[in-house]
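**Student:** from the sequence below, what's the structure:
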Amino acid sequence: MNFDIIVLGSGPGGYPAAIRASQLGMKVAIVERENLGGICLNWGCIPTKALLKSAQVYEYIKHAGDYGITVGKSKHDFKAVVKRSRDVAGGMSKGVDFLMRKNKITVIEGEGKLARGKKLVVTDKDGKKTEYTAPHIILATGGRAKQLPSLPIDGKKIIGYREAMTLPTQPKKMIVVGAGAIGVEFAYFYNSMGTEVTVVEYLDQGLLPREDKDVSKELTKIFKKSGINVMTGHAVQSVDTKGKGCKVTIQNNKDKSEEVIACDVVLSAAGVTPNTEDLGLEMLGIEVDRGLVKVNDHYQTSVSGIYAIGDIVAGPALAHVATAEGIICAEAIAGHNPSKLNYDNIPSCTYCSPEVSSVGMTEKAAKDAGYEIKVGKFPFSASGKASASGAKEGFVKVIYDAKYGELLGAHMVGSNVTEMIAEIVTARRLETTGHEILKAVHPHPTMSEAVMEATAAAYGEVIHL
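**Tutor:** Numbers count the residues shown, from 1 in each chain. Modelled structure (predicted):
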């Protein structure tokens, strides 16, 4: 069977690439070994947000009295919470199936591997191999949980994110290794549900250590206040899984002292590894650097007609990045000349409560780059909408170039800030200056006013501080 394009992988990079290619008049097939939508829709972005929403609702109920509402004693059904998450994921996967049919894209079930001559060999669940050909093949195979030598994932006592979403019973004690977005989100969820949670992070800045220092400090303070044991600047040396639970040996990176903490389960949230094995890359001579496929600005590999996008190429391992890359790739194949993706303007979002979002340079990065900067910070404790909502934790921080007013970066902690960051991304795309943000009238009362107020603070014109 011959196609114009075959896409290997139907995640947030693969299926948008397939749809865009079909829109541009090409005959498209997409190969998926598991569920349409890939990790994001089935085991990542979407089902985790369903779990987090359940945790947020549970917390609202527990604090209903703060809003003048009286309710009976609240409790949660852990299995029902997990089921809702899986139902949401199933619905989204069916939505991708609908989009494939709507756009006349052929869905091929099985595991694909490159072959010589612009071919892809697909092995189905029964072991049957079928060969497909196309002048253009897009690799969008995504990533999986990173395995650490000290944390061999067994799926029972030492788990990855997939198992963390579907545990049959709620653990009483959990250790989360890694304080990036995945670790922080699960730590928030399980703590809200009543599990005793310890977060272990190798770097010492705080939770989300790649965010701006002020953000890490604020979120760490909030998590500790909620009862989470945060151990930054520590490393897991070993896990003893003999017996009923786990005994985790944790070392302080500075003084090398060790302590052993008992728990029911350990969640390894130390990052993502690209799925580039067994694709036939070496056979075709496709260049790879430390497991990541090397590509140009339009995602063509070192071999003509073979492309790669998403978690298997250099750049942030984020769903929205993969989607943007897939669309650019499809448009380039169709003969268009799409603009290359600006990786300096990619928003980062973490969906714990309060949420965290950011884009652009941190304060330290801006100083290290030699900028003279203006920094403005507006706490939500001074926001009327935040006070009315009972969500006064956090702040908005903006960083401007003092000379030209360029918006270098923004960093937020607070309720719904993952929705607010799009304003900054768009402003940076349009090369908006600080004075333009300041003079753009923001609606009152809203959380988004904090962007204007933080900008005003940067320029010494803040009204509400």
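
**Student:** relative to residue 360, how far out is residue 257?
**Tutor:** Going from residue 257 to residue 360 by C-beta to C-beta, to the nearest Å gives 38 Å. All C-beta spots, glycine's among them, are computed from the backbone N, C-alpha and C.

**Student:** looking at these two, which one has more neighbours?
**Tutor:** Shown here are residue 257 and residue 360; by other C-beta atoms under 10 Å, residue 360 has more neighbours (23 against 10).

**Student:** what's near enough to touch the more buried one?
**Tutor:** 344-345, 399, 407-410, 424, 428 (C-beta atoms under 8 Å, 6 or more residues apart in numbering).

**Student:** so which of those sit within helices?
**Tutor:** Counting by DSSP state H, the part of the contacts of residue 360 found in helices is 424, 428.

**Student:** dump the contacts of residue 360 to JSON lines, plus pLDDT, distance to residue 55 and neighbour count.
**Tutor:** Output for these, formatted as JSON lines (pLDDT from 0 to 100; distance: C-beta to C-beta, whole Å; neighbours: other C-beta atoms under 10 Å):
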{"residue": "344", "pLDDT": "97", "distance to residue 55": "33", "neighbour count": "11"}
{"residue": "345", "pLDDT": "98", "distance to residue 55": "31", "neighbour count": "15"}
{"residue": "399", "pLDDT": "98", "distance to residue 55": "32", "neighbour count": "27"}
{"residue": "407", "pLDDT": "98", "distance to residue 55": "33", "neighbour count": "24"}
{"residue": "408", "pLDDT": "98", "distance to residue 55": "34", "neighbour count": "24"}
{"residue": "409", "pLDDT": "98", "distance to residue 55": "29", "neighbour count": "23"}
{"residue": "410", "pLDDT": "98", "distance to residue 55": "26", "neighbour count": "30"}
{"residue": "424", "pLDDT": "98", "distance to residue 55": "27", "neighbour count": "25"}
{"residue": "428", "pLDDT": "98", "distance to residue 55": "32", "neighbour count": "20"}
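
**Student:** can you give me how far stretch 43-51 is from the chain middle?
**Tutor:** With C-alpha atoms, centre = their mean, to the nearest Å as the basis, stretch 43-51 stands 10 Å off its chain's centre.

**Student:** where along the stretch 101-250 of the chain do the helices fall?
**Tutor:** Assigned by DSSP state H, counting those that start in this stretch, the stretch 101-250 of the chain shows helices spanning 161-164, 181-193, 213-225.

**Student:** got those as a markdown table, with mean pLDDT, mean neighbour count and distance to residue 460 columns?
**Tutor:** Below are the helices of the stretch 101-250 of the chain laid out as a markdown table (pLDDT from 0 to 100; neighbours: other C-beta atoms under 10 Å; distance: least, C-beta to C-beta, whole Å):
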| stretch | mean pLDDT | mean neighbour count | distance to residue 460 |
| --- | --- | --- | --- |
| helix 161-164 | 94 | 20 | 45 |
| helix 181-193 | 97 | 24 | 34 |
| helix 213-225 | 98 | 19 | 19 |
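
**Student:** care to break this protein down by domain?
**Tutor:** For the chain, whose domains are defined here by automatic domain parsing, the residue ranges read 5-145+273-343, 158-270, 354-458.

**Student:** with distance to residue 151 added, can I get those domains in TSV?
**Tutor:** TSV is the format used below for those (distance: least, C-beta to C-beta, whole Å):
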stretch	distance to residue 151
domain 5-145+273-343	10
domain 158-270	4
domain 354-458	25
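
**Student:** adding distance to residue 114, write the helices of the stretch 101-250 of the chain out as CSV.
**Tutor:** CSV is the format used below for the helices of the stretch 101-250 of the chain (distance: least, C-beta to C-beta, whole Å):
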stretch, distance to residue 114
helix 161-164, 26
helix 181-193, 30
helix 213-225, 41
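
**Student:** which ones are touching residue 377?
**Tutor:** Contacts of residue 377 (C-beta under 8 Å, 6+ apart): 214, 395-398, 454, 457.

**Student:** so which of these belong to strands?
**Tutor:** In strands, judged by DSSP state E, the following of those are found: 395-398.

**Student:** which non-adjacent residue is nearest residue 293?
**Tutor:** residue 308 (4.0 Å; C-beta to C-beta, 6 or more residues apart in numbering).

**Student:** quickly list what that neighbour is bridged to.
**Tutor:** residue 139 (DSSP bridges).

**Student:** ok, now residue 399?
**Tutor:** Under the criterion used (DSSP bridges), residue 399 bridges to residue 375, residue 409.

**Student:** that older thread, between the domains of the chain, which one is nearest to residue 465?
**Tutor:** Nearest of the domains of the chain to residue 465, taken as C-beta to C-beta: domain 354-458 at 5.7 Å.

**Student:** enumerate every residue touching the most centrally placed residue in the chain.
**Tutor:** The centroid of the chain falls nearest to residue 318 when counting by C-alpha atoms, centre = their mean (5.1 Å). For residue 318, the contact set (C-beta under 8 Å, 6+ apart) comprises 346, 348.

**Student:** just to revisit the earlier point, and the helices of the stretch 101-250 of the chain: which comes nearest residue 327?
**Tutor:** That would be helix 181-193 among the helices of the stretch 101-250 of the chain, by C-beta to C-beta, at 23.3 Å.
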